[in-house]
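What follows is a protein structure lacking sequence information:
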């Protein structure tokens with residue numbers, strides 16, 4: 001039996017307007033796929049818009065819309081973590097399903113929001129919160145539900161990826177590319193969330209919870225930006241067969257590998273790594289060839305193995321597509337209620353918010369930064385004196401750090417020699433001690449530049 005499902009859209013910026021246009025353009029297709037009429041009944045906007053269908057009620061009172069009897073699903077695309085949180089909680093308490101693209105809100109307050117939704121027998125859907133039009137949330141929660149995820153790695157901020165691509169391909173400095181990204185609308189006037197990795201960390205917190213069945217823990221994500229990456233390091237990485245990308249990693253560590261990668265049980269290293277930072281990855285990997293503003297997530301799971309999900313990570317069309325994918329799922333739930341009085345049963349069969357039954361979420365610890373295990377790119381500047389390289393390699397060896405490659409460049413005008421070293425995976429605390437000793441050598445100058453390295457294997 002066909003039913004009319006009523007939507008409210010809160011926020012008529014790029015994404016909200018994109019949702020309206022998508023529904024208008026694909027209305028017949030949406031009905032064919034869902035079996036129900038999908039109607040926008042209310043929109044929340046600060047000022048009256050002449051380009052909105054006059055049959056749609058425009059209202060600046062967003063809390064009123066969230067409680068309206070004329071709304072089944074509330075679509076929140078206003079952003080932020082204060083007003084948006086109040087509105088979503090109000091909608092949930094009034095029995096409304098919610099669709100949101102707000103990764104910051106969910107990463108920081110998702111545990112509270114999802115718990116309230118469970119208590120009120122409604123669902124909060126958030127496909128658009130991570131990687132735009134790439135259906136990674138649905139993939140992680142549903143398509144990979146029978147798999148055990150070992151790790152995932154994602155280029156999940158288009159602005160940072162655009163900057164790193166331009167630096168590599170055109171030899172342009174960071175500041176120049178950032179200015180262009182702002183002119184093109186890829187970066188905000190205040191680009192901090194993008195270039196310092198905070199946006200990617202929000203998304204990684206969500207992906208990690210779905211991958212491993214853990215509560216959302218954004219405050220435990222190690223976060224490092226790209227503002228200190230230089231053309232010098234980009235070029236050296238290329239020469240060594242790597243590319244520098246801003247990557248988010250979620251890695252399950254079972255404590256069965258020591259700093260050199262060999263088997264050795266170590267309960268202190270058991271847990272989950274959550275980290276966002278610049279990373280050298282091999283040029284021949286798929287992730288290394290994700291360029292411009294594109295996003296991609298690489299997932300390694302058992303028994304499936306590695307799978308890559310790639311596409312537009314932002315923009316009106318991509319984000320509206322993700323929003324409406326969630327709406328379609330909820331339309332089917334609401335439509336089934338029209339044919340059944342067993343409302344609780346229908347909601348009970350919906351995929352859990354984080355992909356795991358709420359009382360089955362794990363308390364697996366999040367590893368501290370000094371417990372992380374990665375390979376390293378090190379750039380050391382030293383005077384061209386006999387024995388300097390031997391001193392550096394001895395310090396690394398004494399710290400239990402294995403060297404994979406060394407590149408020594410010609411001395412520059414000040415008589416200093418850039419020495420680039422790639423290491424095999426090592427516990428961060430060991431690398432910290434080694435770098436401290438290298439910086440104390442009389443023949444070295446300045447700070448050791450370090451960038452983490454991952455073979456994605």
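Right, received. Where do you want to start? Remember, it's a predicted structure, so these values are computed and weren't measured experimentally.

In contact with residue 124, which residues?
Neighbour list for residue 124: 88, 92, 97-100, 106, 113-114, 117, 353 [criterion: Cβ atoms under 8 Å, 6 or more residues apart in numbering]. All C-beta atoms are positioned from the backbone trio N, CA, C, and that covers glycine.

Can you name the two of these that sit furthest apart?
Spatial extent of those (Cβ to Cβ) is set by the pair 97 and 106 at 15.0 Å.

State the mean pLDDT of the top helix by length along the chain.
Counting residues, the longest helix found in the chain (DSSP state H) is helix 316-337. Averaging pLDDT along helix 316-337 yields 90.

related to what we said a few turns ago, so which of the contacts of residue 124 sit within strands?
Among these, the members found in strands (DSSP state E) are 97-100.

looking at this structure, which helix or strand is least sure?
Lowest mean confidence among the helices and strands of the chain (mean pLDDT, DSSP states H and E): helix 343-348, at a mean of 45.

The longest helix of the chain packs against which elements?
strand 4-10, helix 14-25, helix 27-34, strand 73-76, strand 97-100, strand 124-125, helix 343-348 (3 or more Cβ pairs under 8 Å, 6 or more residues apart in numbering; DSSP states H and E).

Hey, what's the angle from it to helix 14-25? Just curious.
Counting by axes from the mean of the first three to the mean of the last three Cα atoms, to 10 degrees, helix 316-337 lies at 60 degrees to helix 14-25.

For the residue nearest the centre of the chain, identify the helix or strand it belongs to.
The centroid of the chain falls nearest to residue 203 when counting by Cα atoms, centre = their mean (3.2 Å). Secondary structure from DSSP states H and E places residue 203 in helix 198-212.

And that helix, what does it pack against?
Short answer (3+ Cβ pairs under 8 Å, 6+ apart): helix 198-212 packs on helix 103-119, helix 136-138, strand 148-155, strand 222-223, strand 242-254, strand 270-282.

now with 7 Å?
helix 103-119, strand 148-155, strand 242-254, strand 270-282 (3 or more Cβ pairs under 7 Å, 6 or more residues apart in numbering; DSSP states H and E).

any weak-confidence spans in this structure?
Residue ranges of the chain with pLDDT under 70: 1, 256-268, 337-349, 413.

which residue sits farthest out from the middle of it?
Most peripheral residue of the chain (Cα atoms, centre = their mean): residue 386, 46.0 Å.

Confirm it sits in a strand?
No - counting by DSSP: H, G, I helix; E, B strand; the rest coil, residue 386 is located in no strand; its state is coil.

and the gap between it and residue 380?
16 Å (Cβ to Cβ, to the nearest Å).

Could you do residue 64 as well?
Counting by Cβ to Cβ - residue 64 and residue 380 are separated by 62 Å.

okay, the two: which has more neighbours?
residue 380 (26 against 12; other Cβ atoms under 10 Å).

Skip the chain neighbours and tell me the closest residue to that one.
residue 419 (4.6 Å; Cβ to Cβ, 6 or more residues apart in numbering).

elements contacting the host helix or strand of that neighbour?
Using DSSP H and E, residue 419 falls within strand 416-427. If you count contacts as 3+ Cβ pairs under 7 Å, 6+ apart, strand 416-427 packs onto strand 373-383, helix 388-398, strand 403-408.
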